[in-house]
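Trainee: sequence first, predicted coordinates after that:
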Amino acid sequence: YGADAKVSGDVAELPAGPVALAVGGEWRHEELKDEPDNLSAQGLVVGVATTSADGDRDVSALFTEVNIPLMENMELQVAGRYEDYSDFGSTTNPKVALRYQPADQLVLRASWGTGFRAPSLAELYLGDSSSFDFLVDTTRCNAVGLGCAPDQYFILTSGNDDLDPEDSTSYYIGAVLEPLRDLTIGLDYWNYKVDDVIDQDAQFVVDNEGQIPGGVERGAPTVPGDPGPIVQVNDSFFNIAEQQTDGIDLDIRYQWQVAGVGRFSIRELASRMLSFDRQATPGAANEDLLGTYRYPKWRSVTTLAWAKSDYAASVIANYIDDYEDRFNPDL
């Protein structure tokens, strides 16, 4: 629960137009409580995963935004947000954006800003949560050639109250072109860099067993040199050093009228990820994840719509590009 308030309006007049200002504030209380039944919590119900969590926080924020007309066809936006967390202290994040319209059919735009995300209550205060995931036992596979195929293992996940918040820097530059009356084309380049990314990945724990004491529990060896089969993986949320990604967004919209039939429109939203690099720990080599699971190169949404009088219909197609299987790079 919480409360917020804001006020906005014109505060000054410049030769190119009025200066608009918005100022606001917010306060909220967040609380999370998740209690499984006793039998499930003790692991006495076969094949059932459980979660538990208990935590709360208070957040206060102040924000402002001002739009300044530099010229008749150019507008500057400056914004900022201050937040204070009862469990993470305070942060201030600015944003600067510029919009320029050199012609009626063309708009150029650009922005730069920083961001902040505190760990969620679940990431901080999650109790023992059980699941059964398919993993590859890379340590055992490299040692004796066992466990190389994906198999299902018992995972025990918990929160981490030592997590750091995520900090980000982003910028984009783009244009909107209207070459025809009913045709609009938007093209944008974006770039995001995030420090201390919060993640949770049981496969990462298995792959880096030597660097995470207690992360993997094993049974008795079966052959000489065998570290033993995995009995349990103790996973937790953790901070990745940094990740950076950039890409291009394309937005094409076209509409036309057919006499007696109605108005048709088609829209294509496409995103091409150009890079996705992740550095697991400070000083470690960057890992290129572009084109792998969760990071496909292409995504698109195509919409064909029709409307006439009080009737409308549409067909939507979602597309996600193929990606490399994390367990079998040949797929």
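Mentor: Now that the structure is in, tell me what you want to look at.

Trainee: report the contact partners of the closest residue to Ala20 other than its chain neighbours.
Mentor: Nearest residue to Ala20, sequence neighbours excluded (C-beta to C-beta, 6 or more residues apart in numbering): Asn67, at 4.5 Å. Where you see a C-beta, it was placed from the backbone N, CA and C, and this is true even at glycine. Residues in contact with Asn67 (C-beta atoms under 8 Å, 6 or more residues apart in numbering) are Val19, Ala20, Leu21, Glu75, Leu76, Gln77.

Trainee: the protein: helices as residue ranges?
Mentor: Along the chain, counting by DSSP state H, helices occupy 38-41, 121-125, 138-144, 202-207.

Trainee: who touches Ala175 in this structure?
Mentor: Applying C-beta under 8 Å, 6+ apart to Ala175 gives the contacts Leu106, Val107, Leu108, Arg109, Gly186, Leu187, Asp188.

Trainee: between those, which sits nearest Glu83?
Mentor: Arg109 (26.2 Å; C-beta to C-beta).

Trainee: what's around the closest one, how many residues?
Mentor: 18 (other C-beta atoms under 10 Å).

Trainee: if we can go back for a sec, can I get the contacts of Ala175 in JSON lines including distance to Arg28 and pLDDT?
Mentor: Formatted as JSON lines, these follow (distance: C-beta to C-beta, whole Å; pLDDT from 0 to 100):
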{"residue": "Leu106", "distance to Arg28": "41", "pLDDT": "97"}
{"residue": "Val107", "distance to Arg28": "36", "pLDDT": "97"}
{"residue": "Leu108", "distance to Arg28": "37", "pLDDT": "98"}
{"residue": "Arg109", "distance to Arg28": "31", "pLDDT": "97"}
{"residue": "Gly186", "distance to Arg28": "34", "pLDDT": "97"}
{"residue": "Leu187", "distance to Arg28": "37", "pLDDT": "98"}
{"residue": "Asp188", "distance to Arg28": "32", "pLDDT": "98"}
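
Trainee: by mean pLDDT, show me the worst of the helices of the chain.
Mentor: Note on these: helix 38-41 shows the lowest mean pLDDT, a mean of 76.

Trainee: low-confidence regions, the stretch 151-300 of the chain specifically.
Mentor: In the predicted model, the stretch 151-300 of the chain carries no residue with pLDDT under 70.

Trainee: just checking, what packs against the strand ranked longest in the chain?
Mentor: The longest strand of the chain (DSSP state E) is strand 238-258. Counting contacts by 3 or more C-beta pairs under 8 Å, 6 or more residues apart in numbering; DSSP states H and E, strand 238-258 is packed against strand 183-199, strand 262-279.

Trainee: next, the angle strand 238-258 makes with the shortest one.
Mentor: Same thing as strand 183-199. With axes from the mean of the first three to the mean of the last three C-alpha atoms, to 10 degrees applied, the angle from strand 183-199 to strand 238-258 works out at 160 degrees.

Trainee: circling back to that earlier point, I'd like the helices of the chain as CSV, with mean neighbour count and distance to Gly283 appended.
Mentor: CSV is the format used below for the helices of the chain (neighbours: other C-beta atoms under 10 Å; distance: least, C-beta to C-beta, whole Å):
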stretch, mean neighbour count, distance to Gly283
helix 38-41, 12, 40
helix 121-125, 20, 25
helix 138-144, 16, 21
helix 202-207, 19, 17
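
Trainee: can I get these in CSV with distance to Asp4?
Mentor: CSV is the format used below for those (distance: least, C-beta to C-beta, whole Å):
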stretch, distance to Asp4
helix 38-41, 37
helix 121-125, 20
helix 138-144, 48
helix 202-207, 38
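
Trainee: follow-up on the earlier one: I'd like the contacts of Ala175 laid out as JSON lines, including distance to Leu304.
Mentor: Formatted as JSON lines, these follow (distance: C-beta to C-beta, whole Å):
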{"residue": "Leu106", "distance to Leu304": "27"}
{"residue": "Val107", "distance to Leu304": "26"}
{"residue": "Leu108", "distance to Leu304": "29"}
{"residue": "Arg109", "distance to Leu304": "28"}
{"residue": "Gly186", "distance to Leu304": "19"}
{"residue": "Leu187", "distance to Leu304": "21"}
{"residue": "Asp188", "distance to Leu304": "23"}
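
Trainee: make a ChimeraX selection of the buried ones in the residues you listed.
Mentor: Of those, the buried ones can be selected in ChimeraX as follows, counting by 16 or more other C-beta atoms under 10 Å:
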select :107,108,109,186,188
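
Trainee: circling back to that earlier point, tell me the strands beside the longest strand of the chain, with direction?
Mentor: Strand 238-258 sits in its sheet next to strand 183-199 (antiparallel), strand 262-279 (antiparallel), going by DSSP bridges.

Trainee: make a markdown table out of these and add distance to Ala220.
Mentor: Below are the strands paired with strand 238-258 laid out as a markdown table (distance: least, C-beta to C-beta, whole Å):
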| stretch | distance to Ala220 |
| --- | --- |
| strand 183-199 | 32 |
| strand 262-279 | 35 |
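
Trainee: of all those, which one is nearest Tyr172?
Mentor: Tyr172 lies closest to strand 183-199 among these, at 4.2 Å (C-beta to C-beta).

Trainee: in the closest one, what's buried?
Mentor: Quick answer for strand 183-199 (16+ other C-beta under 10 Å): 184-186, 188, 190-198.

Trainee: done for today, thanks.
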